[in-house]
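J.: this one's sequence-less:
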C-alpha cells in the first residue's frame, strides 16, 4: 500500500481538491481530519469537525485521542486500499498520521500551491475564516448519519467550474463546526513552558528545569507547529542518553495531547549534574 500526501496551511482548499488530487495520483482512499474515506463513503474514524473546540479538533485530526488510531487501522485492514492520500498542514503532520496508523512513511508530498492558484487559496480562506465553512470530500447524504444536528449543504463550488466537471470529480459537502463560531484560539507560550516544567519535574532523575524556549513555525497566518528547547540539571547516577530520549518522547506526547499543537522538535541541553552530598558516590573498581 502506497501513501501520498497533500500538504498546505489550513483553509487553503485541500479538502476541496482532495478528490481531484486522489484520482490524478491513483489514490482510492483519503484521510482527512480524522476520517477514512473510500468510494465516497466514510468507512472509518471520527471527523475532527465534530469536536467542540479547536484543541480537540487538532488532537482528533492527528489521531492522538484514545482508540481513534486503532479504529481507523482496523478500517484500513477491512477496506484494503491500494493507495491512501493524507491531507495535512505540514510534512511533519502527515508523517505523524502515517506513523500513528502504521501505514508506513509518506512516499510523495504534493503541495497545495502546486494544484491551486493564489487567488483560489485566498477564496478558500475567506470561506473558512469569515464564514466558518469546512469542506468534507463526501456527499452530504453519506455525512448525515455522522453529523446529526449540523448544518450540511452540498458544495456550491467556490470556483468557476462547470457542473459536469463537479459531478465527474465527485460531490463534496460543507459543514459548520461549533468551533467555527469561537474565533481564533491562542495558547500562550507560558502554558507550553509550564507543561514542560511539570512533565520534566515528574522524573526522579531531573533535579532542576532551567530556561525553556518555544519557537513557532509559521506560514502566513497559520501556525504549523512548534519546537521546544529546555535546559535541565540531572541527578548524578543516571544514563544521560537514555534519560534524554525518554524525556523527549514524554514531553512531545504531553504537549501534543494537552494543546493539540504539532511538536516538530525538542532540544534538551544538560547544563550540569547534581551530586547529592548526603549519598555516598559509587566506588570505582
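T.: Right, received. Where do you want to start? Small disclaimer: the values here were computed from a predicted structure and weren't measured.
J.: remind me what the helix ranked longest in the chain packs against, helices and strands.
T.: What stands out as the longest helix in the chain, according to DSSP state H, is helix 240-259. Helix 240-259 sits against helix 54-61, helix 189-201, strand 222-235, strand 263-274, with contacts defined as 3 or more C-beta pairs under 8 Å, 6 or more residues apart in numbering; DSSP states H and E. Backbone N, C-alpha and C define where each C-beta goes, glycine included.
J.: how does it look with 6 Å?
T.: helix 189-201, strand 263-274 (3 or more C-beta pairs under 6 Å, 6 or more residues apart in numbering; DSSP states H and E).
J.: show residues contacting the longest one.
T.: In this case it means helix 189-201. The contact list for helix 189-201 (C-beta atoms under 6 Å, 6 or more residues apart in numbering) reads 206, 209, 212, 214, 230, 250, 251, 254, 255, 258.
J.: partner strands of the helix or strand just after it, with direction?
T.: With elements assigned by DSSP states H and E, the helix or strand that comes after helix 189-201 is strand 206-219. Paired neighbours of strand 206-219 in the sheet (DSSP bridges): strand 222-235 (antiparallel).
J.: where does pLDDT dip in the stretch 151-285 of the chain?
T.: 151-170, 181-184, 220-223, 278-285 (pLDDT under 70).
J.: now, among the contacts of helix 189-201, which is nearest to residue 138?
T.: Residue 138 has its nearest neighbour among the contacts of helix 189-201 in residue 258, at 30.4 Å by C-beta to C-beta.
J.: the closest one - nearest residue in space that isn't next to it in sequence?
T.: Leaving aside its chain neighbours, residue 258 sits nearest to residue 195 (5.9 Å; criterion: C-beta to C-beta, 6 or more residues apart in numbering).
J.: same thing with residue 60?
T.: In space, residue 60 is closest to residue 48, 3.9 Å off (C-beta to C-beta, 6+ apart).
J.: columns distance to residue 139 and neighbour count on top of the contacts of helix 189-201, output as TSV?
T.: Formatted as TSV, the contacts of helix 189-201 follow (distance: C-beta to C-beta, whole Å; neighbours: other C-beta atoms under 10 Å):
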residue	distance to residue 139	neighbour count
206	53	19
209	51	18
212	47	19
214	42	20
230	48	21
250	42	15
251	42	20
254	39	17
255	37	22
258	36	15
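J.: adding distance to residue 273, write those out as TSV.
T.: Shown next, in TSV, are the contacts of helix 189-201 (distance: C-beta to C-beta, whole Å):
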residue	distance to residue 273
206	11
209	15
212	19
214	26
230	16
250	20
251	20
254	25
255	26
258	30
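J.: hang on, the earlier thing: quick check: buried residues in the longest helix of the chain?
T.: Across helix 240-259, burial judged by 16 or more other C-beta atoms under 10 Å covers 243, 244, 247, 248, 251, 252, 254, 255, 256, 259.
J.: shouldn't the last one be in contact with residue 185?
T.: No - with contact defined as C-beta atoms under 6 Å, residue 259 and residue 185 do not form a contacting pair (10.0 Å).
J.: strands of the stretch 1-150 of the chain, start to end?
T.: 2-7, 29-32, 35-38, 41-45, 83-88, 108-111, 134-136 (DSSP state E, counting those that start in this stretch).
J.: which one of those lies nearest to residue 53?
T.: strand 134-136 (14.3 Å).
J.: list of residues touching the closest one?
T.: By C-beta under 6 Å, 6+ apart, strand 134-136 touches 15, 16, 49, 172, 173, 174, 175, 177.
J.: please repeat the previous calculation with a cut-off of 7 Å.
T.: 15-16, 32, 47, 49, 128, 143, 155, 172-175, 177 (C-beta atoms under 7 Å, 6 or more residues apart in numbering).
J.: also stretch 17-32?
T.: 4, 6, 15, 36-38, 79, 81-87, 97, 110, 115-116, 136-137, 169-170.
J.: I'd like the distance between residue 24 and residue 6.
T.: 11 Å (C-beta to C-beta, to the nearest Å).
J.: quick one: which of those two has more around it?
T.: More crowded of residue 24 and residue 6, by other C-beta atoms under 10 Å: residue 6, with 28 against 11.
J.: beta partners of that one?
T.: Residues in beta-bridge contact with residue 6 (DSSP bridges): residue 87, residue 110.
J.: pretty sure it sits against residue 113.
T.: No - using C-beta atoms under 7 Å, residue 6 is not in contact with residue 113; the gap is 11.0 Å.
J.: many thanks, I have nothing further to ask.
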